[in-house]
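Visitor: Sequence unavailable; structure follows:
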């Protein structure tokens, strides 16, 4: 968020009730922003020690901080008890709350060639470019900039507050939204979409991008040029979408991610990590589509494979147990020898069947060798039995 005019450090210090000013007091503040979007001249804040260095090394010129530390060159630190509350206070002073008191605010600028249907609500400091078409029941809130040849369908709300809160002991404290929405040229937005303004920066929909109905764009999201978003897509705050990205229906994208150029995300996917360019993703969590399809195919085969493996392991266990038993010497009659021959033959058939099953399942070589060893031992026992009797 940029200020209408620069603010002196001493003025900021009085607003903040700062206990100390450390650094260059001649610096003037030209804007205020979150740490990941700050520019030279901006104010930012830090109230957790592990983030001190990130704030001190950022592009921000004025830093609200809750402890005395050394100020880097060309920066000034305002030491205050609660930097978060001071940050909120500065935003409120420069973007005071203004409820809508008319259907189209007097400060809004609408190009004469734009078409505005009945029952459209347009807030303060809104800009609408030439040949844009705004359908009935659209709400466009303060500090929204709409380019040329933009179409916005009925029921859409642009510039709603950021869903952004800081946890406190007694609940959640709302972070005041002082940002804006920028919709560039030739964008088309479907019915009943919601686009939040940035907390202190800009939410941007790039030139030529198209949004289907019921799409939600979180605070500070940046969508590149010529992107295509199908119905019910939701994008978390501060995520950046590259150019020519295609996102199919009901995809959810987590906050603070980077989606590179020409990515395709298939329907119902859940994106939890950064995505690389020119790649198609699917599933939850979203992975490259070839890997995800292989995983799904393996998953379908898993129940049948588990049954076969359990049966094979059971048979192998019984077989190994019988091999471990010590033989007992007995005198066999002719009838007994015939019975032994029959039993041995049947056992060998069972073992061969087990071996075939194990091979079909591609069991590891250790079990295969164990089965081979059992078969050889049984054959030797059979030969010795016949030779000895």
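Guide: The structure has been received and is ready for your questions. Because the structure is predicted, anything quoted here is derived from the model rather than measured. Residues are numbered from 1 along each chain as shown.
Visitor: got the phi/psi numbers for residue 386?
Guide: phi -70, psi -40 (degrees, to the nearest 10).
Visitor: domain parsing for this structure?
Guide: By the assignment in automatic domain parsing, the chain contains the domains 2-94, 109-285, 301-388.
Visitor: Mean neighbour count, those domains: which tops it?
Guide: Using mean count of other Cβ atoms under 10 Å, the stretch among the domains of the chain with the largest mean neighbour count is domain 109-285, at a mean of 19. To be clear about C-beta, it is placed using only N, CA and C from the backbone, and glycine gets the same treatment.
Visitor: Show me what the mean pLDDT comes to for that domain.
Guide: Averaged across domain 109-285, pLDDT comes to 96.
Visitor: so how far is that domain off the chain centroid?
Guide: Centre-to-centre, domain 109-285 and its host chain are 16 Å apart (Cα atoms, centre = their mean, to the nearest Å).
Visitor: how far does it stretch from start to finish?
Guide: For domain 109-285, the first-to-last residue distance is 44 Å (Cα to Cα, to the nearest Å).
Visitor: Helix, strand, or coil at the residue nearest to residue 242 when sequence neighbours are not counted?
Guide: The shortest distance from residue 242 to any non-neighbouring residue, by Cβ to Cβ, 6 or more residues apart in numbering, is to residue 261 (3.8 Å). What DSSP: H, G, I helix; E, B strand; the rest coil gives for residue 261 is coil.
Visitor: Tell me who's in contact with residue 261.
Guide: Neighbour list for residue 261: 224, 242, 243, 244, 245, 277, 278 [criterion: Cβ atoms under 8 Å, 6 or more residues apart in numbering].
Visitor: Out of the residues you listed, which comes closest to residue 232?
Guide: Sorting the contacts of residue 261 by distance to residue 232 puts residue 245 at the head of the list, at 16.5 Å, by Cβ to Cβ.
Visitor: ok, back up a step: can you lay out the contacts of residue 261 as CSV showing distance to residue 197 and secondary structure?
Guide: Putting the contacts of residue 261 into CSV (distance: Cβ to Cβ, whole Å; DSSP: H, G, I helix; E, B strand; the rest coil) gives the following:
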residue, distance to residue 197, secondary structure
224, 19, coil
242, 22, coil
243, 22, coil
244, 25, coil
245, 22, coil
277, 28, coil
278, 31, coil
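Visitor: Tell me which stretches of this protein form helices.
Guide: Applying DSSP state H to the chain gives helices spanning 9-16, 52-56, 83-94, 289-324, 334-360, 365-388.
Visitor: So which elements touch the second one?
Guide: What it means is helix 52-56. Packing partners of helix 52-56 (3 or more Cβ pairs under 8 Å, 6 or more residues apart in numbering; DSSP states H and E): strand 42-46, strand 62-65.
Visitor: what's next to that helix, contact-wise?
Guide: Outside helix 52-56, the residues that reach it (Cβ under 8 Å, 6+ apart) are 35, 44, 45, 46, 63, 65, 67, 69, 71, 72, 75.
Visitor: Which residues are in contact with the spatially closest residue to the last one that is not a sequence neighbour?
Guide: This means residue 75. Distances taken as Cβ to Cβ, 6+ apart place residue 23 nearest to residue 75, at 5.3 Å, with adjacent residues excluded. The contact partners of residue 23, by Cβ under 8 Å, 6+ apart, come to 71, 72, 75, 76, 77.
Visitor: give me that answer again for 6 Å
Guide: Taking Cβ atoms under 6 Å, 6 or more residues apart in numbering, we find residue 23 in contact with 71, 75, 76, 77.
Visitor: and the gap between the residue nearest to the last one when sequence neighbours are not counted and residue 76?
Guide: Counting by Cβ to Cβ, 6+ apart, residue 77 lies nearest to residue 22, which is 4.2 Å off, once chain neighbours are set aside. Between residue 22 and residue 76 the computed distance is 7 Å (Cβ to Cβ, to the nearest Å).
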